[in-house]
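Q: Prediction below, plus the sequence it came from.
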Amino acid sequence: MQRYIGTRDFLPNEWKAMNYLFSVWRDLSIENGFEEYEAPIIEDVKLFTAKSGEDIKNQLFWFKDKGDRDVCLRAEITPQLARYLVSYGKGLKKPLKWFSIPRLFRYEKPQKGRLREFFQFNADIIGEESVYATIEIIDLAIKIIKSFKLTGKDFKIRVNSRKIIDSIIRIFKINDPLKFYLLLDKKLKIDSKVFLKELMALTQDYKSLMKLFDLKRNDLFKELKNKGINVERLKKIFDVLGNECLEFDLSIVRGLDYYTDIVFEAFDSGNEFRAMLGGGEYNNLVKDLGGEDLPAVGFGMGDAVLLELLSQKKLLPEFNKNSAFLATIGDCYKEALKIKNFLIEKGVSIDLNVSSKNLSKQIQYAESKGISTVYIVGEKELKKGIVIKKDLITGKEKKIKSNQGI
RNA sequence: UUCCGAGUAGUCUAGCUUGGUAGGAUAGCAGGUUGUGGCCCUGCUGGCCCGGAUUCAAAUUCCGGCUCGGAACCCA
(Lines give C-alpha, C1' and ligand atoms only; values in the text may rest on other atoms or scores of the structure.)
Protein backbone atom coordinates (compact mmCIF):
# COMPACT_ATOMS: atom_id res chain seq x y z
CA MET A 1 0.00 0.00 0.00
CA GLN A 2 1.41 3.32 -1.05
CA ARG A 3 0.42 6.75 0.05
CA TYR A 4 -1.86 8.66 -2.24
CA ILE A 5 0.06 10.94 -4.58
CA GLY A 6 1.09 14.29 -3.14
CA THR A 7 0.23 13.44 0.47
CA ARG A 8 2.44 12.93 3.50
CA ASP A 9 2.58 10.63 6.50
CA PHE A 10 3.52 12.53 9.60
CA LEU A 11 5.60 10.42 12.00
CA PRO A 12 5.89 11.88 15.50
CA ASN A 13 9.01 13.93 14.72
CA GLU A 14 7.47 15.27 11.54
CA TRP A 15 4.22 16.08 13.26
CA LYS A 16 6.16 17.88 15.97
CA ALA A 17 7.64 20.06 13.25
CA MET A 18 4.12 20.76 11.97
CA ASN A 19 2.95 21.60 15.45
CA TYR A 20 5.88 23.97 15.76
CA LEU A 21 4.65 25.80 12.65
CA PHE A 22 1.10 25.79 13.97
CA SER A 23 2.13 27.15 17.35
CA VAL A 24 4.17 30.01 15.89
CA TRP A 25 1.34 30.92 13.54
CA ARG A 26 -1.25 30.70 16.29
CA ASP A 27 0.74 32.42 19.06
CA LEU A 28 1.82 35.35 16.89
CA SER A 29 -1.70 35.84 15.56
CA ILE A 30 -3.24 35.86 19.01
CA GLU A 31 -0.50 38.17 20.31
CA ASN A 32 -1.41 40.56 17.52
CA GLY A 33 -5.10 40.59 18.23
CA PHE A 34 -6.31 38.04 15.70
CA GLU A 35 -8.98 35.42 16.46
CA GLU A 36 -9.07 31.88 15.13
CA TYR A 37 -11.92 30.41 13.08
CA GLU A 38 -12.47 27.12 11.27
CA ALA A 39 -14.69 25.79 8.50
CA PRO A 40 -15.63 22.41 7.02
CA ILE A 41 -13.11 20.50 4.91
CA ILE A 42 -15.88 19.57 2.46
CA GLU A 43 -18.00 22.14 0.62
CA ASP A 44 -20.45 22.56 -2.22
CA VAL A 45 -18.32 22.92 -5.32
CA LYS A 46 -20.26 26.06 -6.27
CA LEU A 47 -18.54 27.98 -3.48
CA PHE A 48 -15.28 27.66 -5.38
CA THR A 49 -16.55 27.88 -8.97
CA ALA A 50 -18.54 31.04 -8.15
CA LYS A 51 -15.33 32.95 -7.64
CA SER A 52 -12.96 31.26 -10.06
CA GLY A 53 -15.12 29.75 -12.81
CA GLU A 54 -15.87 26.19 -13.91
CA ASP A 55 -12.29 25.65 -15.04
CA ILE A 56 -11.21 25.55 -11.43
CA LYS A 57 -12.82 22.12 -11.18
CA ASN A 58 -9.71 20.71 -12.86
CA GLN A 59 -7.74 21.76 -9.83
CA LEU A 60 -10.24 20.63 -7.23
CA PHE A 61 -10.94 17.30 -5.62
CA TRP A 62 -14.59 17.20 -6.55
CA PHE A 63 -17.13 14.38 -6.74
CA LYS A 64 -20.82 13.55 -6.37
CA ASP A 65 -22.16 12.61 -2.96
CA LYS A 66 -24.87 9.96 -2.50
CA GLY A 67 -27.52 12.65 -2.95
CA ASP A 68 -26.02 13.57 -6.34
CA ARG A 69 -24.67 16.87 -5.01
CA ASP A 70 -21.44 18.29 -6.45
CA VAL A 71 -19.05 18.58 -3.53
CA CYS A 72 -15.32 19.18 -3.15
CA LEU A 73 -12.51 19.26 -0.67
CA ARG A 74 -11.63 22.87 0.02
CA ALA A 75 -8.71 24.26 -1.94
CA GLU A 76 -8.55 27.52 0.01
CA ILE A 77 -10.35 28.98 2.97
CA THR A 78 -11.00 32.50 1.68
CA PRO A 79 -14.31 31.61 -0.07
CA GLN A 80 -15.44 29.98 3.16
CA LEU A 81 -14.50 33.13 5.03
CA ALA A 82 -16.50 35.11 2.48
CA ARG A 83 -19.44 32.72 2.94
CA TYR A 84 -19.30 33.34 6.70
CA LEU A 85 -19.35 37.06 6.08
CA VAL A 86 -22.30 36.81 3.74
CA SER A 87 -24.19 34.80 6.39
CA TYR A 88 -23.11 36.42 9.63
CA GLY A 89 -21.16 39.50 8.59
CA LYS A 90 -23.84 42.04 9.43
CA GLY A 91 -23.90 41.13 13.10
CA LEU A 92 -20.13 41.28 13.60
CA LYS A 93 -18.21 44.33 14.83
CA LYS A 94 -15.69 45.48 12.27
CA PRO A 95 -12.90 45.32 11.59
CA LEU A 96 -12.55 41.57 11.98
CA LYS A 97 -9.03 40.28 12.52
CA TRP A 98 -9.31 36.57 11.86
CA PHE A 99 -6.90 33.73 11.21
CA SER A 100 -7.11 30.04 10.48
CA ILE A 101 -4.82 27.08 9.76
CA PRO A 102 -6.84 25.01 7.31
CA ARG A 103 -5.89 21.69 5.78
CA LEU A 104 -6.32 22.18 2.02
CA PHE A 105 -6.47 20.00 -1.08
CA ARG A 106 -5.56 20.82 -4.66
CA TYR A 107 -5.57 18.45 -7.60
CA GLU A 108 -2.14 19.25 -8.98
CA LYS A 109 1.01 17.53 -10.03
CA PRO A 110 3.21 17.63 -6.96
CA GLN A 111 6.43 19.58 -7.25
CA LYS A 112 8.94 21.08 -4.90
CA GLY A 113 7.05 23.05 -2.27
CA ARG A 114 3.73 21.96 -3.73
CA LEU A 115 1.53 19.06 -2.65
CA ARG A 116 -2.01 17.80 -3.04
CA GLU A 117 -2.70 18.00 0.66
CA PHE A 118 -1.15 20.73 2.77
CA PHE A 119 -1.70 23.24 5.54
CA GLN A 120 -1.91 26.95 4.97
CA PHE A 121 -1.98 29.68 7.56
CA ASN A 122 -4.40 32.49 6.62
CA ALA A 123 -4.82 35.87 8.29
CA ASP A 124 -7.29 38.52 7.18
CA ILE A 125 -8.61 41.88 8.28
CA ILE A 126 -12.14 42.50 7.07
CA GLY A 127 -14.16 45.71 7.03
CA GLU A 128 -11.42 48.33 7.21
CA GLU A 129 -10.39 50.28 4.18
CA SER A 130 -7.49 52.27 5.61
CA VAL A 131 -3.95 51.34 4.69
CA TYR A 132 -3.27 50.60 8.35
CA ALA A 133 -5.18 47.34 8.04
CA THR A 134 -2.80 46.35 5.26
CA ILE A 135 0.21 47.50 7.24
CA GLU A 136 -1.02 45.44 10.19
CA ILE A 137 -1.28 42.36 7.96
CA ILE A 138 2.19 42.83 6.47
CA ASP A 139 3.58 43.50 9.95
CA LEU A 140 2.09 40.20 11.12
CA ALA A 141 3.66 38.45 8.12
CA ILE A 142 7.07 39.89 8.99
CA LYS A 143 6.75 39.00 12.66
CA ILE A 144 5.79 35.44 11.83
CA ILE A 145 8.70 34.91 9.46
CA LYS A 146 11.08 36.41 12.02
CA SER A 147 9.64 34.17 14.73
CA PHE A 148 10.88 31.26 12.67
CA LYS A 149 14.35 32.75 13.29
CA LEU A 150 14.70 34.06 9.76
CA THR A 151 16.26 37.52 9.47
CA GLY A 152 15.88 40.38 7.02
CA LYS A 153 18.85 38.83 5.21
CA ASP A 154 17.06 35.54 4.66
CA PHE A 155 13.89 36.87 3.06
CA LYS A 156 12.23 39.85 1.46
CA ILE A 157 8.58 40.74 1.12
CA ARG A 158 8.02 42.21 -2.32
CA VAL A 159 5.18 44.68 -2.35
CA ASN A 160 3.39 46.23 -5.26
CA SER A 161 0.16 48.05 -6.11
CA ARG A 162 -2.17 46.84 -8.82
CA LYS A 163 -3.58 50.34 -9.12
CA ILE A 164 -0.11 51.60 -9.97
CA ILE A 165 0.20 48.82 -12.57
CA ASP A 166 -3.18 49.82 -14.00
CA SER A 167 -1.98 53.44 -14.23
CA ILE A 168 1.15 52.27 -16.00
CA ILE A 169 -0.98 50.32 -18.46
CA ARG A 170 -2.94 53.50 -19.17
CA ILE A 171 0.00 55.90 -19.34
CA PHE A 172 2.23 53.65 -21.44
CA LYS A 173 -0.70 52.71 -23.68
CA ILE A 174 -0.14 48.98 -23.21
CA ASN A 175 -2.20 47.26 -25.84
CA ASP A 176 -2.84 43.96 -24.05
CA PRO A 177 -3.15 44.42 -20.24
CA LEU A 178 -3.74 40.70 -19.67
CA LYS A 179 -0.48 39.79 -21.38
CA PHE A 180 1.28 42.52 -19.46
CA TYR A 181 0.14 41.01 -16.17
CA LEU A 182 1.31 37.56 -17.23
CA LEU A 183 4.64 38.98 -18.36
CA LEU A 184 5.18 40.76 -15.04
CA ASP A 185 4.31 37.57 -13.19
CA LYS A 186 7.06 35.61 -14.91
CA LYS A 187 9.62 38.43 -15.00
CA LEU A 188 11.81 36.80 -12.35
CA LYS A 189 11.84 33.47 -14.11
CA ILE A 190 12.76 34.60 -17.58
CA ASP A 191 15.83 36.18 -19.14
CA SER A 192 15.85 39.98 -19.14
CA LYS A 193 16.31 40.03 -22.93
CA VAL A 194 13.22 37.89 -23.38
CA PHE A 195 11.37 40.21 -21.02
CA LEU A 196 12.38 43.25 -23.04
CA LYS A 197 11.42 41.58 -26.28
CA GLU A 198 7.95 40.72 -25.04
CA LEU A 199 7.59 44.20 -23.57
CA MET A 200 8.36 45.71 -26.97
CA ALA A 201 5.35 43.91 -28.39
CA LEU A 202 3.09 45.49 -25.77
CA THR A 203 3.99 49.20 -25.95
CA GLN A 204 5.85 51.62 -28.17
CA ASP A 205 7.18 53.39 -25.13
CA TYR A 206 9.03 50.32 -23.85
CA LYS A 207 12.30 52.16 -23.32
CA SER A 208 11.07 54.48 -20.59
CA LEU A 209 8.94 51.69 -19.12
CA MET A 210 12.00 49.44 -18.93
CA LYS A 211 13.83 52.17 -17.02
CA LEU A 212 11.23 52.00 -14.27
CA PHE A 213 12.17 48.41 -13.50
CA ASP A 214 15.78 49.40 -12.77
CA LEU A 215 14.97 52.27 -10.41
CA LYS A 216 15.49 52.04 -6.67
CA ARG A 217 12.44 52.53 -4.48
CA ASN A 218 12.64 56.26 -3.72
CA ASP A 219 13.54 57.20 -7.29
CA LEU A 220 10.78 54.94 -8.54
CA PHE A 221 8.24 56.66 -6.28
CA LYS A 222 9.42 60.06 -7.57
CA GLU A 223 9.32 58.99 -11.19
CA LEU A 224 5.83 57.52 -10.84
CA LYS A 225 4.65 60.67 -9.10
CA ASN A 226 6.06 62.78 -11.93
CA LYS A 227 3.93 60.79 -14.31
CA GLY A 228 0.87 61.68 -12.24
CA ILE A 229 0.47 58.25 -10.59
CA ASN A 230 -0.82 58.16 -7.01
CA VAL A 231 1.72 56.25 -4.92
CA GLU A 232 0.63 57.45 -1.46
CA ARG A 233 -0.92 54.19 -0.25
CA LEU A 234 2.12 52.11 -1.09
CA LYS A 235 4.49 54.80 0.14
CA LYS A 236 2.75 54.85 3.51
CA ILE A 237 3.51 51.16 3.96
CA PHE A 238 7.23 51.81 3.53
CA ASP A 239 7.07 54.91 5.74
CA VAL A 240 5.69 52.84 8.62
CA LEU A 241 7.41 49.48 8.17
CA GLY A 242 10.76 50.63 6.75
CA ASN A 243 12.69 48.64 4.21
CA GLU A 244 14.52 46.06 6.28
CA CYS A 245 12.20 43.33 5.04
CA LEU A 246 10.27 45.11 2.30
CA GLU A 247 10.97 45.78 -1.35
CA PHE A 248 8.95 47.68 -3.91
CA ASP A 249 8.72 45.30 -6.85
CA LEU A 250 6.65 46.21 -9.91
CA SER A 251 6.60 42.61 -11.07
CA ILE A 252 4.49 41.25 -8.20
CA VAL A 253 0.91 40.93 -9.44
CA ARG A 254 -0.42 37.59 -8.09
CA GLY A 255 -2.97 35.90 -10.30
CA LEU A 256 -5.43 37.70 -12.48
CA ASP A 257 -8.57 38.72 -10.60
CA TYR A 258 -9.43 38.88 -6.89
CA TYR A 259 -6.88 41.43 -5.72
CA THR A 260 -7.80 45.11 -5.98
CA ASP A 261 -4.73 47.14 -4.98
CA ILE A 262 -1.78 46.32 -2.73
CA VAL A 263 -0.30 42.85 -3.31
CA PHE A 264 2.75 41.19 -1.77
CA GLU A 265 4.78 37.99 -1.74
CA ALA A 266 7.66 36.85 0.44
CA PHE A 267 10.67 35.07 -1.03
CA ASP A 268 13.84 33.58 0.40
CA SER A 269 16.84 35.73 -0.50
CA GLY A 270 18.39 33.03 -2.65
CA ASN A 271 15.20 32.82 -4.75
CA GLU A 272 15.59 29.08 -4.43
CA PHE A 273 12.07 28.32 -3.31
CA ARG A 274 8.57 29.26 -4.28
CA ALA A 275 6.92 32.17 -2.48
CA MET A 276 6.71 31.60 1.26
CA LEU A 277 3.55 33.62 1.52
CA GLY A 278 1.39 35.82 -0.61
CA GLY A 279 -1.53 38.14 -0.17
CA GLY A 280 -3.04 41.52 -0.69
CA GLU A 281 -6.13 43.67 -0.68
CA TYR A 282 -9.35 42.18 -2.07
CA ASN A 283 -12.25 44.55 -1.72
CA ASN A 284 -14.95 42.95 -3.85
CA LEU A 285 -15.03 39.32 -2.85
CA VAL A 286 -17.72 39.47 -0.17
CA LYS A 287 -19.90 41.71 -2.31
CA ASP A 288 -19.46 39.42 -5.32
CA LEU A 289 -20.70 36.48 -3.28
CA GLY A 290 -23.84 38.38 -2.32
CA GLY A 291 -22.81 40.04 0.92
CA GLU A 292 -22.04 43.53 2.11
CA ASP A 293 -19.46 45.70 0.41
CA LEU A 294 -16.57 44.86 2.74
CA PRO A 295 -12.96 45.83 2.09
CA ALA A 296 -10.51 43.08 3.01
CA VAL A 297 -6.82 42.33 3.17
CA GLY A 298 -5.04 39.11 4.01
CA PHE A 299 -2.37 36.57 3.19
CA GLY A 300 -1.83 32.85 3.05
CA MET A 301 1.31 30.96 4.04
CA GLY A 302 1.69 27.28 3.21
CA ASP A 303 3.61 24.72 5.22
CA ALA A 304 5.56 23.09 2.38
CA VAL A 305 7.93 25.87 1.31
CA LEU A 306 8.38 27.00 4.89
CA LEU A 307 9.39 23.52 6.07
CA GLU A 308 11.90 23.16 3.25
CA LEU A 309 13.43 26.53 3.97
CA LEU A 310 13.62 26.00 7.74
CA SER A 311 15.13 22.57 7.45
CA GLN A 312 17.68 23.80 4.92
CA LYS A 313 18.70 26.57 7.31
CA LYS A 314 18.58 24.14 10.25
CA LEU A 315 16.07 26.30 12.07
CA LEU A 316 13.69 23.57 13.19
CA PRO A 317 14.05 23.20 16.97
CA GLU A 318 15.04 20.05 18.84
CA PHE A 319 11.71 18.98 20.09
CA ASN A 320 12.15 16.76 23.17
CA LYS A 321 14.83 18.83 24.82
CA ASN A 322 12.57 20.03 27.58
CA SER A 323 10.97 16.74 28.50
CA ALA A 324 12.29 14.13 30.90
CA PHE A 325 12.42 10.36 31.30
CA LEU A 326 11.84 8.47 34.55
CA ALA A 327 13.94 5.30 34.63
CA THR A 328 13.09 2.49 37.03
CA ILE A 329 15.24 -0.26 38.44
CA GLY A 330 13.57 -3.41 39.64
CA ASP A 331 9.90 -3.59 40.47
CA CYS A 332 9.06 -0.10 41.67
CA TYR A 333 6.47 1.01 39.15
CA LYS A 334 3.90 1.84 41.84
CA GLU A 335 6.23 4.27 43.58
CA ALA A 336 7.56 5.59 40.28
CA LEU A 337 4.04 6.44 39.18
CA LYS A 338 3.64 8.63 42.27
CA ILE A 339 6.94 10.37 41.49
CA LYS A 340 5.86 10.81 37.89
CA ASN A 341 2.58 12.43 38.90
CA PHE A 342 4.45 14.66 41.34
CA LEU A 343 6.77 15.79 38.53
CA ILE A 344 3.85 16.43 36.20
CA GLU A 345 2.31 18.68 38.85
CA LYS A 346 5.62 20.54 38.94
CA GLY A 347 5.23 21.19 35.21
CA VAL A 348 7.68 18.60 33.88
CA SER A 349 6.69 16.57 30.82
CA ILE A 350 7.76 13.07 31.71
CA ASP A 351 7.96 9.68 30.05
CA LEU A 352 7.84 6.89 32.68
CA ASN A 353 9.58 3.64 31.82
CA VAL A 354 7.18 0.79 31.11
CA SER A 355 9.72 -1.71 29.81
CA SER A 356 11.78 -4.39 31.52
CA LYS A 357 14.95 -2.92 30.02
CA ASN A 358 17.95 -2.50 32.27
CA LEU A 359 19.04 0.98 33.28
CA SER A 360 21.64 1.18 30.57
CA LYS A 361 19.10 0.55 27.84
CA GLN A 362 16.60 2.91 29.42
CA ILE A 363 19.09 5.76 29.27
CA GLN A 364 19.88 4.90 25.66
CA TYR A 365 16.17 4.97 24.93
CA ALA A 366 15.77 8.40 26.51
CA GLU A 367 18.77 9.70 24.64
CA SER A 368 17.58 8.43 21.31
CA LYS A 369 14.37 10.38 21.84
CA GLY A 370 16.36 13.55 22.39
CA ILE A 371 15.47 13.77 26.05
CA SER A 372 18.05 15.61 28.14
CA THR A 373 16.97 14.85 31.72
CA VAL A 374 16.62 11.38 33.21
CA TYR A 375 15.26 10.73 36.69
CA ILE A 376 16.29 7.40 38.18
CA VAL A 377 14.53 5.53 40.93
CA GLY A 378 15.25 2.07 42.35
CA GLU A 379 15.35 0.11 45.59
CA LYS A 380 18.30 2.05 47.02
CA GLU A 381 16.68 5.39 46.29
CA LEU A 382 13.33 4.35 47.70
CA LYS A 383 14.97 3.30 50.96
CA LYS A 384 16.69 6.66 51.26
CA GLY A 385 13.65 8.57 50.01
CA ILE A 386 15.55 10.12 47.11
CA VAL A 387 15.47 10.30 43.33
CA ILE A 388 18.52 10.74 41.12
CA LYS A 389 18.31 13.49 38.54
CA LYS A 390 20.77 13.03 35.72
CA ASP A 391 21.52 15.62 33.06
CA LEU A 392 22.41 13.77 29.86
CA ILE A 393 24.12 16.77 28.29
CA THR A 394 26.55 17.52 31.15
CA GLY A 395 26.51 14.00 32.59
CA LYS A 396 26.04 15.42 36.08
CA GLU A 397 23.83 13.77 38.69
CA LYS A 398 21.98 15.22 41.66
CA LYS A 399 20.32 13.40 44.54
CA ILE A 400 16.96 14.87 45.35
CA LYS A 401 14.63 14.09 48.23
CA SER A 402 11.57 12.65 46.56
CA ASN A 403 9.10 14.39 48.84
CA GLN A 404 10.41 17.86 48.07
CA GLY A 405 12.01 20.04 45.48
CA ILE A 406 12.26 17.60 42.63
C1' U B 1 -2.37 17.65 -18.86
C1' U B 2 2.85 17.78 -21.47
C1' C B 3 8.31 16.92 -21.39
C1' C B 4 12.84 14.97 -18.82
C1' G B 5 15.21 11.94 -14.97
C1' A B 6 14.87 8.30 -11.06
C1' G B 7 12.79 4.04 -8.06
C1' U B 8 17.37 -1.88 -4.41
C1' A B 9 15.74 -3.42 3.79
C1' G B 10 12.78 2.02 8.03
C1' U B 11 16.86 5.42 5.77
C1' C B 12 21.30 6.00 2.49
C1' U B 13 23.79 3.18 -1.02
C1' A B 14 26.92 -0.94 -4.26
C1' G B 15 25.48 -4.21 -8.15
C1' C B 16 22.68 -2.73 -14.03
C1' U B 17 27.13 -1.17 -19.35
C1' U B 18 28.54 -7.36 -20.28
C1' G B 19 21.44 -11.34 -17.47
C1' G B 20 23.76 -16.40 -13.51
C1' U B 21 23.96 -16.95 -4.93
C1' A B 22 21.66 -9.06 -3.98
C1' G B 23 26.62 -6.66 -0.64
C1' G B 24 27.63 -2.55 2.65
C1' A B 25 26.43 1.57 5.97
C1' U B 26 22.94 3.41 9.31
C1' A B 27 18.57 2.69 12.21
C1' G B 28 15.77 -1.31 14.98
C1' C B 29 15.97 -5.79 18.27
C1' A B 30 19.04 -9.11 21.57
C1' G B 31 23.61 -9.73 24.05
C1' G B 32 28.71 -8.38 25.67
C1' U B 33 27.60 -4.74 30.57
C1' U B 34 21.61 -8.69 36.05
C1' G B 35 22.26 -0.05 38.82
C1' U B 36 24.33 4.59 34.63
C1' G B 37 23.99 6.91 27.88
C1' G B 38 27.11 8.65 23.63
C1' C B 39 32.53 4.76 21.76
C1' C B 40 33.42 -0.36 20.68
C1' C B 41 32.37 -5.79 19.69
C1' U B 42 28.95 -10.11 18.45
C1' G B 43 24.41 -11.95 16.68
C1' C B 44 19.45 -11.29 14.63
C1' U B 45 15.46 -9.00 11.76
C1' G B 46 14.63 -6.72 7.11
C1' G B 47 15.08 -5.38 0.40
C1' C B 48 15.29 -5.38 -5.94
C1' C B 49 7.94 -0.19 -6.92
C1' C B 50 3.83 -3.14 -9.52
C1' G B 51 2.28 -6.02 -13.84
C1' G B 52 3.53 -8.21 -18.40
C1' A B 53 7.21 -9.76 -22.29
C1' U B 54 12.00 -11.96 -23.86
C1' U B 55 15.13 -15.97 -21.73
C1' C B 56 17.13 -22.26 -19.33
C1' A B 57 17.84 -17.91 -16.11
C1' A B 58 15.87 -10.80 -15.08
C1' A B 59 17.56 -6.09 -9.71
C1' U B 60 19.98 -6.00 -14.66
C1' U B 61 16.97 -6.09 -21.33
C1' C B 62 12.03 -4.50 -23.48
C1' C B 63 6.76 -2.69 -22.86
C1' G B 64 2.85 -0.70 -19.75
C1' G B 65 1.45 1.30 -15.08
C1' C B 66 2.39 3.58 -10.27
C1' U B 67 5.23 6.81 -7.20
C1' C B 68 9.15 10.37 -6.42
C1' G B 69 12.23 14.53 -8.24
C1' G B 70 12.83 18.50 -11.95
C1' A B 71 10.60 21.62 -15.82
C1' A B 72 6.21 23.64 -18.67
C1' C B 73 1.12 25.11 -17.67
C1' C B 74 -1.21 26.75 -13.35
C1' C B 75 -0.65 28.54 -8.52
C1' A B 76 -7.09 31.15 -6.00
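A: Now that the structure is in, tell me what you want to look at. Numbers count the residues shown, from 1 in each chain, chains lettered A, B, ... in the order given.
Q: for the worst-scoring helix or strand of chain A on mean pLDDT, which positions count as buried?
A: Least confident helix or strand, chain A: helix A:46-52 with a mean of 82, by mean pLDDT, DSSP states H and E. Of the residues in helix A:46-52, A:47-52 count as buried by neighbour count, 16 or more other CB atoms under 10 Å. C-beta here means a position set from N, CA and C on the backbone, and glycine is covered the same way.
Q: RNA strand B next: which of the residues you listed are close?
A: Taking CB under 7 Å from any atom of the strand as the test, RNA strand B is in contact with A:48, A:52 out of the buried residues of helix A:46-52.
Q: In chain A, what residue lies closest to RNA strand B?
A: Nearest to RNA strand B in chain A, going by CB to the nearest atom of the strand, is residue A:112, at a distance of 2.4 Å.
Q: what's the burial count for that residue?
A: The number of residues packed near residue A:112 is 11, by other CB atoms under 10 Å.
Q: That one: what's it in contact with?
A: A:273-274, A:308 (CB atoms under 8 Å, 6 or more residues apart in numbering).
Q: Would you quantify the distance from residue A:131 to residue A:281?
A: Note on residue A:131: its distance to residue A:281, by CB to CB, to the nearest Å, is 9 Å.
Q: Direction included, what does the longest strand anywhere in chain A pair against?
A: Longest strand in chain A by number of residues (criterion: DSSP state E): strand A:117-126. Sheet pairing of strand A:117-126 (DSSP bridges) gives strand A:96-100 (antiparallel), strand A:103-105 (antiparallel), strand A:296-302 (antiparallel).
Q: ok, residue A:185 - contacts?
A: So, once contact is read as CB under 8 Å, 6+ apart, residue A:185 ends up touching A:251, A:253-254.
Q: Which of those ranks first by neighbour count?
A: residue A:253 (21 neighbours).
Q: Please look at that one and residue A:181 and confirm they touch.
A: Yes: using CB atoms under 8 Å, residue A:253 is in contact with residue A:181, at 5.2 Å.
Q: Overlap in contacts, those two.
A: Counting by CB under 8 Å, 6+ apart, the shared contacts of residue A:253 and residue A:181 are residue A:165.
Q: So residue A:108, which state does it fall into?
A: coil (DSSP: H, G, I helix; E, B strand; the rest coil).
Q: Residue A:160 should be in a helix, yeah?
A: No: using three-state DSSP, the assignment for residue A:160 is strand, not a helix.
Q: Who is it paired with across the strands?
A: Beta-bridge pairing of residue A:160 under DSSP bridges involves residue A:263.
Q: Is it in contact with residue A:247, as I believe?
A: No: using CB under 8 Å, residue A:160 is not in contact with residue A:247, being 9.4 Å away.
Q: So for those two, which residue has more residues nearby?
A: Legend: neighbour count by other CB under 10 Å for residue A:160 and residue A:247, higher for residue A:160 (24 against 16).
Q: Distance-wise, check that one relative to residue A:218.
A: 16 Å.
Q: quick one, strands of the stretch 151-300 of chain A?
A: A:155-161, A:246-248, A:262-268, A:277-281, A:296-302 (DSSP state E, counting those that start in this stretch).
Q: The third one close to RNA strand B?
A: No: contact between strand A:262-268 and RNA strand B is absent, the nearest approach being 8.5 Å (criterion: CB under 7 Å from any atom of the strand).
Q: Can you tell me which helices and strands that strand packs against?
A: On a contact count with 3 or more CB pairs under 8 Å, 6 or more residues apart in numbering; DSSP states H and E, strand A:262-268 meets helix A:131-147, strand A:155-161, helix A:232-241, strand A:277-281.
Q: circling back to that earlier point, tell me the helix or strand right after the least confident helix or strand of chain A.
A: Downstream of helix A:46-52, the next assigned helix or strand under DSSP states H and E is strand A:61-64.
Q: what comes up buried for that following strand?
A: Here strand A:61-64 shows A:61-62 as buried, counting by 16+ other CB under 10 Å.
Q: Briefly note if it comes near RNA strand B.
A: No: judged by CB under 7 Å from any atom of the strand, strand A:61-64 stays clear of RNA strand B, getting no closer than 9.5 Å.
Q: Direction included, what does that strand pair up with?
A: For strand A:61-64, pairing defined by DSSP bridges yields strand A:70-73 (antiparallel).
Q: I'd assumed residue A:83 was in a helix, is it?
A: Yes: assigned with three-state DSSP, residue A:83 falls within a helix.
Q: Skipping adjacent residues, who's closest to it in space?
A: Once flanking residues are discounted, residue A:83 sits nearest to residue A:47: 6.1 Å by CB to CB, 6 or more residues apart in numbering.
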